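In: Output the structure for:
(one chain, ligands or ions: 1)
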Amino acid sequence: MQPQTVKAQPNYTKLRGGYYTPPPIAEVLSSWAIRSSRDRILEPSCGDGVFLQQASERLIALGAAQPEVWKQICGYEIDAKEAGRAIDRLAALGIKKPGEIVRHTDFFAGAAKHVVNRPFDVALGNPPFIRYQNFPEAQRNIGFRLMALAGMKPNRLTNAWVPFLAAASLMVGAKGRIAMVIPAELFQVGYAADLRLFLTQHFSRIRLVTFKRLVFEGVQQEIVLLLAERSPDLGGGVDVLEMDDVSQLKDALSKPPDPNSSRSVDHSTEKWTQYFLTQKEIDLVRAIKSNTRLNTMEDVGNTDVGVVTGLNEFFAISGENARGLGLQRYSRRLVSRTNHLEGIIFRAKDWERNEAKGERTYLLDLPASEPAHLPEPVRQYVACGETKGFNLGYKCRIRKPWYIVPSVYEPTCFLTRQVHAYPKLTVNEANATSTDTVHRVRFLNGAEPRLVAAAFLNSLTFAFAELLGRSYGGGVLELEPREADRLPLPLINAEKLDSSEIDSLVRKGHIENVLSITNQILLVNGLGFSRKDVQVVDSIWKKLMTRRVRRRSTEAA
Ligand SMILES: C[S@@+](CC[C@H](N)C(=O)[O-])C[C@H]1O[C@@H](n2cnc3c(N)ncnc32)[C@H](O)[C@@H]1O
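Out: Below you'll find the predicted structure:
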């Protein structure tokens, strides 16, 4: 075992969000956004200058005089080396005074004054993805103030790209356009909810372009292109274009949005994931939300994260180690991986099978005594951990004593946290607990766990998991406890389900057979859905699930 006291720190490139836009994307966005040789262009985080190059070339192609172009373009870049590379790039193109174009300074500090007079016609770029804790405070303070000016309420989850986009939007004038590369989480995360509302109010028309294949090499973050225009003459609306890859982009943007493609989405409450749905599907989702005969997970119990040990290597051990070190008596049964849960019922024999495979199936739940009073095998194990520095890692250091893991309890059910094809609730009949790779659900009001776990597997709940959760570049859907609590559950008629039969079908991988049983009993017979409505919820689930899973397979290819 290697000591693992310090969590890997993000590297410098990551800390400043330094990933670059492929030139073909920068080219198409610049051509779309810049329409006149007189346009004034803002690039808030220019990196090595790919957008500055495209903007200069576009202005010149539209008739701007090369020696004067520098007066119309303004780029910010915090990193000296990158700013230097951007200047060199422009100089190599023969652009005059590139040092006047590229400002080596913080965008927020440099640009706050422009919010009032809105001097730009176009904002282009790819703002950095920097989490709150890594976002330097001085920059963050100004960025958050600018967001507040736009009516938004930033919080500790707000990523730097949000104030970059908000501030740049405030700096373009009455007929301005912005074209930016934005993390796809714009569609779904809660902390971007008021940004979505702001964008729809601030811009007359918004186009979002998503890609079936990831277009940024080496970047896990899925991106979308945001093209927005302000104009008193334009009808409102948001439309989403889904492309295979960048090659189709130019053509697609040259066509005006299809008026029939517009959808009514309530921006104050609904995520933009809805734009992947048809109007008919959105209408059904809304009807389902207001259907009072549906329960939610919250009615049944509380969803919570699994045990956060701070160091699974030390606290989660195999049966062989538990026996060899004499620690069995001080351990609890453990689920430490999603694939430990094969069916919807986790029995003692399932846990034993995992144990026999050498998996980490024991969680140390040590006595809270001073080291000197610990039973001998525990004292030795703790001392060995200390020689390896395990007591110094962040999570352990703040505990007293460091080897007592908090919140170890055995839930009624486990719930998948990272979902591949579909989410699953599994009844805990083995008296086990879990690490935080799986959520724990404690039932509160006496609902029968097996029936709830069986009823959970239906196309409606699956569709809402896709709508409520969030997916990342890797194609996995993640459900936070708060999102899981809001999952709708059709429980009328659940007593008619045979949970053992469903458990065995799930273990064999026959989820379609499960759905044909549960959709009929719960959705059609229980809630009175028409067959057509069942098909619609099923197609919503499949469409959204296929979208994200496909990204995982294209990434692997
Ligand atoms: C995702 S990169 C994009 C670079 C370039 N726009 C592109 O599309 O290739 C983001 C850039 O923002 C810069 N950056 C980070 N914080 C900044 C700040 N406060 N002001 C200006 N630039 C910043 C980073 O150094 C990085 O070069």
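In: what residues does the stretch 101-250 of the chain put near the ligand?
Out: In this structure, the stretch 101-250 of the chain approaches the ligand at residues D106, F107, F108, G125, N126, P128, Q139, judged by C-beta under 6 Å from any ligand atom. For the C-beta atoms, the positions are set from N, CA and C on the backbone; glycine is no exception.
In: Tell me the backbone dihedrals of the second one, please.
Out: The main-chain torsion angles of F107 are listed as degrees, to the nearest 10 and equal phi -60, psi -40.
In: and the nearest residue to it once chain neighbours are set aside, how many neighbours?
Out: Once its chain neighbours are removed from consideration, F107 has its nearest residue in Y76; the separation is 3.9 Å (C-beta to C-beta, 6 or more residues apart in numbering). Look at Y76: counted by other C-beta atoms under 10 Å, it has 22 neighbours.
In: Among the residues of the stretch 101-250 of the chain next to the ligand, which ones are in helices?
Out: Secondary-structure check on those using DSSP state H: residues within helices are F107, F108, Q139.
In: Show me the one in those that has more neighbours than the rest.
Out: For those, neighbours were counted using other C-beta under 10 Å, and F107 has the most, 28 neighbours in all.
In: give the contact list for it.
Out: Taking C-beta atoms under 8 Å, 6 or more residues apart in numbering as the criterion, F107 is in contact with P44, S45, Y76, I78, Q139, F164, A167.
In: how about a cut-off of 10 Å?
Out: If you count contacts by C-beta atoms under 10 Å, 6 or more residues apart in numbering, F107 has them with 42-46, 75-78, 125, 127-128, 139, 142-143, 160, 163-164, 167-168.
In: Equivalent analysis for K496, please.
Out: L451, A454, A455, I517, T518, Q520, I521, L522, N525, G526.
In: from the residues you listed, which two are the most distant?
Out: Taking every pair in the contacts of K496 and measuring C-beta to C-beta, the maximum separation is 15.9 Å, between L451 and Q520.
In: Any idea how far apart the tips of stretch 88-100 sit?
Out: As for stretch 88-100, its first-to-last residue distance stands at 12 Å under the measure C-alpha to C-alpha, to the nearest Å.
In: about what we covered before: closest one of the contacts of K496 to E342?
Out: Sorting these by distance to E342 puts A454 at the head of the list, at 15.0 Å, by C-beta to C-beta.
In: Just say helix, strand or coil for the nearest residue to A372 once chain neighbours are set aside.
Out: In space, and not counting its chain neighbours, A372 is closest to R379: 7.6 Å by C-beta to C-beta, 6+ apart. With DSSP: H, G, I helix; E, B strand; the rest coil as the basis, the three-state label of R379 is helix.
In: V116 too?
Out: Recorded secondary structure, V116: helix (three-state DSSP).
In: R440 now?
Out: Taking three-state DSSP as the rule, one finds R440 in the strand state.
In: by contact count, what packs against the helix ranked longest in the chain?
Out: Among the segments of the chain that qualify as a helix by DSSP H, the longest is helix 531-556. Contact partners of helix 531-556 among helices and strands, from 3 or more C-beta pairs under 10 Å, 6 or more residues apart in numbering; DSSP states H and E: strand 205-211, helix 279-289, strand 418-419, helix 459-468, strand 470-471, strand 477-478, helix 511-518.
In: burial of the residue in the chain positioned nearest to the ligand, as a residue count?
Out: Checking the chain residue by residue against the ligand with C-beta to the nearest ligand atom singles out G47 as nearest, at 2.5 Å. Using other C-beta under 10 Å, G47 is surrounded by 24 other residues.
In: Torsion angles phi and psi at it?
Out: Here the main-chain torsion angles of G47 (degrees, to the nearest 10) amount to phi 50, psi -130.
In: Is it in contact with T21, as I believe?
Out: Yes: counting by C-beta atoms under 10 Å, G47 does reach T21; the two are 7.9 Å apart.
In: which neighbours do the two share?
Out: Once C-beta under 10 Å, 6+ apart is applied, the residues that G47 and T21 both contact turn out to be G125, N126.
In: Return stretch 64-72 as CSV; C-alpha atoms alone will do.
Out: C-alpha atoms of stretch 64-72 as CSV (Å, rounded to 0.1, in the frame of the first residue of the first chain):
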residue,chain,number,x,y,z
ALA,A,64,-11.6,46.1,-43.0
ALA,A,65,-8.1,47.7,-43.5
GLN,A,66,-5.4,45.4,-42.2
PRO,A,67,-3.4,48.2,-40.5
GLU,A,68,-6.4,49.3,-38.6
VAL,A,69,-7.9,46.0,-37.5
TRP,A,70,-6.2,46.2,-34.1
LYS,A,71,-8.5,49.0,-33.1
GLN,A,72,-11.6,46.8,-33.4
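In: Distance from that stretch to the middle of the chain?
Out: Distance, stretch centre to chain centre, for stretch 64-72: 41 Å (C-alpha atoms, centre = their mean, to the nearest Å).
In: Show me what counts as buried in the lengthiest strand in the chain.
Out: Across the chain, the strand with the greatest residue count (assigned by DSSP state E) is strand 172-183. Along strand 172-183, the positions that meet the burial threshold by neighbour count (16 or more other C-beta atoms under 10 Å) are V172, G176, R177, I178, A179, M180, V181, I182, P183.
In: Need the mean per-residue confidence for the next helix or strand after that strand.
Out: Moving toward the C-terminus from strand 172-183, the first helix or strand encountered (DSSP states H and E) is helix 193-202. On average, the pLDDT along helix 193-202 is 90.
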